[in-house]
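*Asks:* Model the following, please.
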Amino acid sequence: MAEPEVLDPGVWRVPFETPTLPPATATNTLIVGTRRLAVIEPATPYPTERAALDALLAERAAGGAEIVAVLVTHHHGDHIGYAFELAQRLGAPLYAHALTAERLDFPVDIALEDGDRLELGDGYVLRALFTPGHAPGHLVYCEERTGIAYAGDLVAGLGTILIDPADGGDMSAYLDSLARLAGERPSALVPAHGPVIAAPQECLERYITHRRQREARVLAALHAGATRVPELLAGAYADTPQAIWWLAERSLDAHLRKLEAEGRVRREGDGQFVLP
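*Replies:* The predicted structure follows:
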């Protein structure tokens, strides 16, 4: 466990090792509150890391704090590794969106909807922001006193964000979610992976621009005569190392599905993609 990064007396970030996608090696856990604490994304499956989090929470409890909630952003394995066990051990309710609860193999106590608020006292309040795209039930947690938002896998401080339709990913919803979080004008973003993002508006605008540019490259490849996935991948992701084209192909699928839904691309019965 790394040393806690105190972003505010009531907002602590602690990265714990998880089996996540490289180059990331850890998932951030956020501890919010002073007297009543919420633990967001206790994700590590590793006993030594779990013991370190237990010790940190025990220290806070010895100082008079009470852990009243455990929250997750979505269902992926590198975000839930300790959520159920920690909630059970502490006797605290586990919170997630209903669409996330459907994809978990353990029960969720309280299903959150967009706009639901969790009062933690001393002015600290967590508000759930429904932000699908990376995952169907993805939530961002906005702390209202500080303006800090736990962004989960909407953005990354290290690595990139995969939009995989085979796992419920939706590129159109993802772009809408980025824009929606930008409209909240958070003071800082805590991504699930990597350091705190101190310039959130620039980050979110950069993410939107990057995806729009990638979409333009897909269309350019189609205009150049590419019709099948390998050709489109080579044309639209020429700037991406071929070693990770297996991941890029999933994002390509997400872009093609978005363009198809908008009537800008047509999928033929033989698997070719053409411009209408």
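*Asks:* buried set for stretch 222-241?
*Replies:* For stretch 222-241, burial by neighbour count (16 or more other CB atoms under 10 Å) applies to Leu222, Ala226, Glu231, Leu232, Leu233, Gly235, Ala236, Tyr237. Any C-beta I mention is one placed from the backbone N, CA and C, and that applies to glycine too.
*Asks:* quick one: contacts for the residue nearest to Arg250 when sequence neighbours are not counted?
*Replies:* Leaving aside its sequence neighbours, Arg250 sits nearest to Asp164 (CB to CB, 6 or more residues apart in numbering; 4.2 Å). Contact analysis of Asp164 by CB atoms under 8 Å, 6 or more residues apart in numbering lists Arg250, Ser251, Asp253, Ala254.
*Asks:* Output the contacting helices and strands for the host helix or strand of Leu53.
*Replies:* Element membership for Leu53 (DSSP states H and E) is helix 47-62. When contacts are defined as 3 or more CB pairs under 8 Å, 6 or more residues apart in numbering; DSSP states H and E, helix 47-62 packs onto strand 11-17, strand 26-32, strand 36-40, strand 66-71, helix 83-90.
*Asks:* Please list the outside residues in contact with that helix.
*Replies:* 1, 4, 14, 16-17, 29, 31, 37, 39, 42, 44, 67, 82, 85-86, 89-90.
*Asks:* one more time with 7 Å, if that's ok
*Replies:* For helix 47-62, the external contacting residues (CB atoms under 7 Å, 6 or more residues apart in numbering) are Met1, Pro4, Val14, Phe16, Glu17, Thr29, Leu37, Pro42, Thr44, Ile67, Tyr82.
*Asks:* again with stretch 113-127
*Replies:* The contact list for stretch 113-127 (CB under 7 Å, 6+ apart) reads 10, 32-36, 38, 69, 128-130, 141-145.
*Asks:* Which members of those are classed as buried?
*Replies:* 10, 32-34, 36, 38, 69, 128-130, 141-143, 145.
*Asks:* and the two most separated of the residues you listed?
*Replies:* Maximum pairwise distance in those, criterion CB to CB, is 27.2 Å, between Thr34 and Phe130.
*Asks:* on that earlier part again, out of the contacts of stretch 113-127, who's nearest Leu21?
*Replies:* For these, the nearest to Leu21 is Tyr141 (21.9 Å; CB to CB).
*Asks:* what helix or strand does the closest one sit in?
*Replies:* strand 139-143.
*Asks:* Who are the packing partners of the next helix-or-strand element following that strand?
*Replies:* Counting by DSSP H and E, the element after strand 139-143 in chain order, helix or strand, is strand 148-152. Contact here means 3 or more CB pairs under 7 Å, 6 or more residues apart in numbering; DSSP states H and E; on that basis strand 148-152 packs against strand 139-143, helix 171-184, strand 188-191.
*Asks:* Following element in sequence after the last one, please.
*Replies:* Sequence-wise, the next helix or strand downstream of strand 188-191 (DSSP H and E) is helix 200-223.
*Asks:* what helices or strands is the strand holding Tyr141 leaning on?
*Replies:* strand 124-130, strand 148-152.
*Asks:* Where do the domain boundaries of this protein fall?
*Replies:* Here the chain is described, according to automatic domain parsing, as comprising the domains 5-198, 210-274.
*Asks:* ok so, going back, between which two of the contacts of stretch 113-127 is the distance greatest?
*Replies:* Largest pairwise distance in those, by CB to CB, is 28.2 Å, between Arg35 and Phe130.
*Asks:* And the contacts of helix 47-62, which of them are buried?
*Replies:* Met1, Val14, Phe16, Glu17, Thr29, Leu37, Pro42, Thr44, Ile67, Tyr82.
*Asks:* Tabulate the residues you listed (TSV), appending pLDDT and distance to Arg212.
*Replies:* Below are those laid out as TSV (pLDDT from 0 to 100; distance: CB to CB, whole Å):
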residue	pLDDT	distance to Arg212
Met1	66	38
Val14	98	34
Phe16	97	34
Glu17	97	34
Thr29	98	32
Leu37	98	39
Pro42	98	35
Thr44	98	35
Ile67	98	41
Tyr82	98	37
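*Asks:* Adding distance to Pro191, write these out as CSV.
*Replies:* Formatted as CSV, the buried ones among the contacts of helix 47-62 follow (distance: CB to CB, whole Å):
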residue, distance to Pro191
Met1, 18
Val14, 14
Phe16, 14
Glu17, 16
Thr29, 12
Leu37, 21
Pro42, 16
Thr44, 16
Ile67, 23
Tyr82, 19
